[in-house]
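A.B. asks: here's a sequence, model it:
(one chain, ligands or ions: 2)
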Amino acid sequence: MKEDTDSKKWFNVEYVPKDYIFPKEERPENLDTPVCDSIPVIDLSKSKSVETILMASRELGFFQVINHGIPEKIVTDAMSVLKEFFDMPSKDRTGIVPHKKGYIYTNSTDYAKDGVHLWRENIKHPCHPLEECIHLWPEKPTRYQEVIGAYLKEIQKLSSRILEMICEGLGLEPGYLEDTSEVSLLSSNLYPPCPDPSLTLGILPHQDPSLITLLYQGNSTGLQVMKDSQWINVGDFPNAFVVNIGNQLEIISNGKLRSIKHRVVTSTHETRISIATFVNPSPDCIIEPAKVLVNELEPSRYTASQYKEYVKSSKAYGDYTVAIQNALHS
Ligand SMILES: O=C(O)CCC(=O)C(=O)O
Ligand SMILES: [Fe+2]
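C.D. replies: Residues are numbered from 1 along each chain as shown. Ligands and ions are numbered 1, 2, ... in the order given. This is a model prediction of the structure:
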């Protein structure tokens, strides 16, 4: 049997197929916005980084970190193994039974909204505890489990460090966030070049249901953040990780830190591969504004809920993801 080569792939088209065209009011307008230089790039080797992280998290809910200590090779290996995964013939990627296997692959034929597909392919899998999940991840490419496992160990360290800095900046006791959080989900996207980016979207506008999200985007662009009612581009910065505040940390901080809407637009010439890792509260955690941030002048702005109940009731990560997470823990 002939393998599916690039020439036969769904995105190798001259015109955007009808199923990928969003209604006019949802299309990305104004794609010429200049790359924004107001997403702060924070050097973690500098002593003032707690202050700058706090300032960015309050104002924009997004920042980038450099000199973060993750070896470049671990990151480039992760990107290349994911590229190999997305490049494999589709028979090696599909046919996965979400309830049995520890990962979900969706090609672009999943309906994102009202019968329209996103211009992307995606793989997602749980990552916590690492020793229990790793064997359930893709077996092809053969290096996948080893390389992504090594990447996630580094992400765990970096996310702990960033959560500790946020704790310090908010005046919370050490460990308040870190002790009850886990890097629980990896979601990697491939956004192929698109003949007309003004008609399509890579990811719909959304806020992350996490505590924080760490994202590696290589040298590509396409991520946009809503600032003062305008979409602005998050520029690429060599070896940087993009960090954003998720809904759970907005609640814990009693609204001091902001979980901001973002989306991904496509490009005519660039292939974007991104690796998002969601740092979430442990499932049993009660999420509510930290007591030290609530007082007469600043009363609690959010009601308490258990994180796993929130995930279940809001279907925060989609049905399949909840199903594989439950399968793992039962
Ligand atoms: O792929 C990206 O750049 C963004 C991904 C994202 O926002 C998400 O997975 O929540
Ligand atoms: Fe997101």
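A.B. asks: the residue in the stretch 201-330 of the chain positioned nearest to ligand 1 and residue 66: what is the separation?
C.D. replies: Closest residue of the stretch 201-330 of the chain to ligand 1, CB to the nearest ligand atom: residue 274 (3.3 Å). Backbone N, C-alpha and C define where each C-beta goes, glycine included. Separation of residue 274 from residue 66 (CB to CB, to the nearest Å): 17 Å.
A.B. asks: comparing those two, which residue is more hemmed in?
C.D. replies: The residue with more neighbours, out of residue 274 and residue 66, is residue 274; 24 against 15, by other CB atoms under 10 Å.
A.B. asks: what's the first helix or strand after the helix or strand containing the more buried one?
C.D. replies: Using DSSP states H and E, residue 274 sits in strand 272-281. Note on strand 272-281: by DSSP H and E, the next helix or strand toward the C-terminus is strand 286-287.
A.B. asks: thinking residue 203 is in contact with residue 120, fair?
C.D. replies: Yes. At 7.0 Å, residue 203 counts as touching residue 120 under the criterion of CB atoms under 8 Å.
A.B. asks: overlap in contacts, those two.
C.D. replies: 189, 264 (CB atoms under 8 Å, 6 or more residues apart in numbering).
A.B. asks: those two: which has the busier surroundings?
C.D. replies: Remark: of residue 203 and residue 120, residue 120 carries more neighbours, 26 against 22, as counted by other CB under 10 Å.
A.B. asks: who's in contact with residue 178?
C.D. replies: Contacts of residue 178 (CB under 8 Å, 6+ apart): 160, 163-164, 167.
A.B. asks: how about the residues of this protein near ligand 1?
C.D. replies: Within the chain, the residues that sit near ligand 1 (CB under 6 Å from any ligand atom) are 187, 189, 203, 208, 215, 217, 223, 262, 264, 274, 276.
A.B. asks: tell me which two of those residues sit farthest apart.
C.D. replies: Using CB to CB, the pair of these lying farthest apart is 208 and 217, separated by 14.8 Å.
A.B. asks: in strands, which of the residues of the chain next to ligand 1 appear?
C.D. replies: Mapping those onto strands (DSSP state E) picks out 187, 189, 203, 215, 223, 262, 264, 274, 276.
A.B. asks: near the fifth one, how many other residues are there?
C.D. replies: By that I understand residue 223. With other CB under 10 Å as criterion, residue 223 counts 25.
A.B. asks: that one contacts residue 264, correct?
C.D. replies: Yes. Using CB under 8 Å, residue 223 is in contact with residue 264, at 5.7 Å.
A.B. asks: in the chain, which residue is closest to the centre?
C.D. replies: Centroid check for the chain by CA atoms, centre = their mean gives residue 276 as the closest residue, at 3.2 Å.
A.B. asks: give the contact list for it.
C.D. replies: Counting by CB under 8 Å, 6+ apart, residue 276 has contacts 186-189, 213-215.
A.B. asks: for residue 243, state which of those residues is nearest.
C.D. replies: Among those, residue 214 lies closest to residue 243 (CB to CB), at 5.7 Å.
A.B. asks: how many neighbours does that closest one have?
C.D. replies: There are 23 residues near residue 214, going by other CB under 10 Å.
A.B. asks: which residue ranges of the stretch 151-300 of the chain form strands?
C.D. replies: Under the criterion DSSP state E, counting those that start in this stretch, strands of the stretch 151-300 of the chain are mapped to 181-191, 203-206, 212-216, 223-227, 230-234, 241-245, 262-264, 272-281, 286-287.
A.B. asks: the last one packs against which elements?
C.D. replies: By that I understand strand 286-287. Contacts defined by 3 or more CB pairs under 8 Å, 6 or more residues apart in numbering; DSSP states H and E place strand 286-287 against helix 247-252, strand 305-306, helix 307-314.
A.B. asks: isn't residue 271 up against residue 202?
C.D. replies: No. Applying CB under 8 Å as the test, residue 271 and residue 202 come out as separate, 11.1 Å apart.
A.B. asks: those two: which has the busier surroundings?
C.D. replies: Each of residue 271 and residue 202 has its neighbours counted (other CB under 10 Å); residue 202 has more, 27 against 15.
A.B. asks: nearest spatial neighbour of that one, chain-adjacent residues omitted?
C.D. replies: Nearest residue to residue 202 in three dimensions, chain neighbours excluded: residue 264, at 3.4 Å (CB to CB, 6 or more residues apart in numbering).
A.B. asks: count of neighbours near the one you found?
C.D. replies: 25.
A.B. asks: how near is it to residue 206?
C.D. replies: Relative to residue 206, and taking CB to CB, residue 264 is found at 10 Å.
A.B. asks: what's the helix or strand for residue 124?
C.D. replies: Residue 124 belongs to strand 121-126, assigned by DSSP H and E.
A.B. asks: same for whatever helix or strand comes next after that strand, what does it pack against?
C.D. replies: Using DSSP H and E, the helix or strand that directly follows strand 121-126 along the chain is helix 130-133. If you count contacts as 3+ CB pairs under 8 Å, 6+ apart, helix 130-133 packs onto helix 144-170.
A.B. asks: tilt between the helix it packs on and strand 272-281?
C.D. replies: Calculated by axes from the mean of the first three to the mean of the last three CA atoms, to 10 degrees, helix 144-170 forms an angle of 60 degrees with strand 272-281.
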